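Chemist: Here is my input; please provide its structure:
(3 chains)
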Amino acid sequence: MTTLDPIPHLTRVQETAPLIHNITNFVAMNAMANVLLAIGASPAMVHAREEAGEFAGLAQALTINIGTLSPHWVDAMIEAASAAQAAGTPWVLDPVAVGATRYRRQTARQLVALSPTVIRGNASEIMALANQSSGGRGVDSTDAADSALDAALQLARQTGAVVAVTGEQDLVTDGQRLSRVEGGHPLMPRVTTLGCSLTGVVAAFIADAEDTFSATVAALACYATAGEQAGRAAKGPGSFSVAFLDALHGLEAGALAERRLEIEHV
Amino acid sequence: MTTLDPIPHLTRVQETAPLIHNITNFVAMNAMANVLLAIGASPAMVHAREEAGEFAGLAQALTINIGTLSPHWVDAMIEAASAAQAAGTPWVLDPVAVGATRYRRQTARQLVALSPTVIRGNASEIMALANQSSGGRGVDSTDAADSALDAALQLARQTGAVVAVTGEQDLVTDGQRLSRVEGGHPLMPRVTTLGCSLTGVVAAFIADAEDTFSATVAALACYATAGEQAGRAAKGPGSFSVAFLDALHGLEAGALAERRLEIEHV
Amino acid sequence: MTTLDPIPHLTRVQETAPLIHNITNFVAMNAMANVLLAIGASPAMVHAREEAGEFAGLAQALTINIGTLSPHWVDAMIEAASAAQAAGTPWVLDPVAVGATRYRRQTARQLVALSPTVIRGNASEIMALANQSSGGRGVDSTDAADSALDAALQLARQTGAVVAVTGEQDLVTDGQRLSRVEGGHPLMPRVTTLGCSLTGVVAAFIADAEDTFSATVAALACYATAGEQAGRAAKGPGSFSVAFLDALHGLEAGALAERRLEIEHV
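Modeler: Okay, here's the model as predicted:
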């Protein structure tokens, strides 16, 4: 068992302000841009087939989220992921509600074939993506992250991606290593698109990272720490959102110093 | 004259967390998702023709809002409303700015023909939908709800829908019964898409209700009560939005206990 | 050198509540609508080719923002700008990240040919639009506004538009007159789409103005003043957003009285 320090990862994001290209759903766009700005990254939302591939070549990392699909967007997703793959740019797949409809399952399969660097989802989504049955019905997870451990390991080994399963407790694995991230706050699932926005933060952390697995764990730890801080100030989901952006923006070494992130080999 | 208690309706939503499928406008999506999460429901925004019908079959209720139209979306709206009608799933129509353009009037006519369970709009919109003239020019109502009483009764009797006219004072009618809901706060029309979001709350309340009319009145009463509470904490529209989500999330029997909702027969 | 008083401009917007038609990007829609409501205007987001031209004829001003493009939207932008031009309705172009891709440069050229009344962008965007090189890579400006002075003058003289370059210090010119607006707050670029939303405020101010140049300067001065006020209350970008909407809504003559806006002839 080894341990990991998230602070150098956060410092790198704040100092390099990576340009993150996002093809995300309509619900998440504004919140995700604000989360990325708060953590110190530079977000851009570009989805037209006419420019998505070209723009993916300019960015330090790309995210693709299948939350609100349509054919023109699916084409752009494939073009951008292909451009990222060709350029060696890391990219993160967020398979929102992949189990809910045939269209989502089919789109997700096409995207997984384009070698995402990280796949981040809730337990239901990761299980659906690994073809394991789940009780998930929509965008909200009904499974604990731990129930998706087998699915995450299988998916990581099949695809070569780092797989992050987020929920009350988060799991991250690259198929050989496993880390669990505790923290956050019960109000987080009562604020929409905090999961989608976390996908952006993962992209910002892996943009210039030497080790994608460690950078992903660090991203989740920073998010969970900001969630804890926001929870102490919040009276409900409205004030939580506000306090969460403030906490991400003001995240400092001090708050992260006591967080021990353990890595086990599996 | 009889009276109605909103508390059992709120409790039902909080306990069943109904999955609400929304095809809504781009401006409203994030705010509406947060409002639905705050009241205890589970929102999903799914608009592609390729999956909207399939998804409508999974949800406990559907909302369709014509705020930002385009042909692909109109196709998906019709497909989802048809699927809801076929499955007996209740659905709510929100005819945003229906009087403003030919495209909106034509789309709204197609949707009204698919038997919405509830139609919720401001006075200008309900009057336009009932083919009565109005001074409405855009998305903001220029008429008091009461001026739309005749239009609401006519629309309810023609379509079989419960019609809710919201404004400074709200009206709800099913053509036989009528209820007025007071409350809210003058800052509510200064925050965008609070009306669109209310459409989602109505859907959550009618999802498993025995009586659509009563559930709609209860939804409006909860919304107005949260608005009053938020108004007491707010310094302007920014802090109002935050306090409103907190108030919806923390809504309790106590705050609703003194609210008398009277129903008259018309 | 003459001076300009922003108060009568603000009062006009608050008293006439102009209907502002916006074809803007998905990230900005909600925030822009809230900013326009807070300043006292009436926003409408209408982008379908099927209705954009018709709606542009109803509005007192139009904004077009190229932040998130697709072919159907570009058609609607051209139709709406053409309708505005034909009707003599003022319109504002926001050339987001115009330098980033071929598709953006080409779309912006088509729109500039339709005689925007005002062009508002950051330094990188205005330089790219005037065919001057820039280090801009995405939506965030990497240049100080002053570095775009030559480009702004050239663009204003070529197109007949008032050109506003916004950043830490803002510049406004119509090719003959020049004004600089100080103020705002360092957290403003850490909140997404505040620039896009400012484009809407400019539209509200020029809607019924006798002099577009003065109205644009007044809009920027009101925005900067609200930014300063919000900055005093904010702990980070989350609380800044909330305080900024409150400040815009509560903006009064008192806060603006000490602001001297100087106009020089160039």
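
Chemist: Can you name the residues of the stretch 151-266 of chain A that neighbour chain B?
Modeler: Proximity of the stretch 151-266 of chain A to chain B (CB under 8 Å from any CB of the partner chain) is limited to residues A:189, A:190, A:191, A:192, A:193, A:235, A:236, A:237, A:238, A:239, A:241, A:242. The way it works is simple: take the backbone N, C-alpha and C, and place the C-beta from them, glycine included.

Chemist: Looking at chain A, which residue reaches furthest from the middle?
Modeler: For chain A, the residue at maximal distance from the C-alpha centroid (CA atoms, centre = their mean) is residue A:235, at 26.3 Å.

Chemist: need the contact list for it.
Modeler: For residue A:235, the contacting residues are B:246, B:250, by CB atoms under 8 Å, 6 or more residues apart in numbering or on different chains.

Chemist: show me where chain A has strands.
Modeler: For chain A, the strands defined by DSSP state E cover A:2-4, A:19-23, A:42-45, A:61-65, A:91-94, A:118-121, A:162-165, A:170-173, A:177-181, A:261-265.

Chemist: helices or strands up against the fifth one?
Modeler: Contact analysis of strand A:91-94 by 3 or more CB pairs under 8 Å, 6 or more residues apart in numbering or on different chains; DSSP states H and E lists strand A:61-65, helix A:71-87, helix A:102-112, strand A:118-121, helix A:194-206 as its packing neighbours.

Chemist: end-to-end on stretch A:23-35?
Modeler: The first and final residues of stretch A:23-35 sit 15 Å from each other (CA to CA, to the nearest Å).

Chemist: need the residues of the stretch 1-150 of chain A near chain C, please.
Modeler: Within the stretch 1-150 of chain A, the positions adjacent to chain C are A:19, A:26, A:29-30, A:33-34, A:37-38, A:42-51, A:54-55, A:58-59, A:72 by CB under 8 Å from any CB.

Chemist: Buried among the residues you listed? Make that a ChimeraX selection.
Modeler: To isolate the buried members of the residues of the stretch 1-150 of chain A next to chain C in ChimeraX, using 16 or more other CB atoms under 10 Å in any protein chain shown:
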select /A:19,26,29,30,33,34,37,38,42,43,44,45,46,47,48,49,50,51,54,55,58,59,72
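
Chemist: Which ones among the residues of the stretch 1-150 of chain A next to chain C also lie next to chain B?
Modeler: When contact is defined as CB under 8 Å from any CB, these meet chain B at A:26, A:29, A:30.

Chemist: can I get those residues in JSON lines with distance to residue B:218 and pLDDT?
Modeler: JSON lines is the format used below for these (distance: CB to CB, whole Å; pLDDT from 0 to 100):
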{"residue": "A:26", "distance to residue B:218": "30", "pLDDT": "95"}
{"residue": "A:29", "distance to residue B:218": "33", "pLDDT": "96"}
{"residue": "A:30", "distance to residue B:218": "31", "pLDDT": "97"}
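
Chemist: which intervals of chain A have sub-threshold pLDDT?
Modeler: Across chain A, the ranges flagged by pLDDT under 70 are A:133-144.

Chemist: middle-most residue in it, spatially?
Modeler: Most central in chain A (CA atoms, centre = their mean) works out to residue A:199, at 2.3 Å.

Chemist: Any figure for the gap between that one and residue A:70?
Modeler: 20 Å (CB to CB, to the nearest Å).

Chemist: Please apply the same query to residue A:146.
Modeler: Distance from residue A:146 to residue A:70, by CB to CB: 34 Å.

Chemist: cool, and residue A:82?
Modeler: Note on residue A:82: its distance to residue A:70, by CB to CB, is 19 Å.

Chemist: Looking at those two, which one has more neighbours?
Modeler: residue A:70 (19 against 15; other CB atoms under 10 Å in any protein chain shown).

Chemist: near chain C, which residues of the stretch 151-266 of chain A?
Modeler: A:241, A:242, A:243, A:244, A:245, A:246, A:247, A:248, A:249, A:250.
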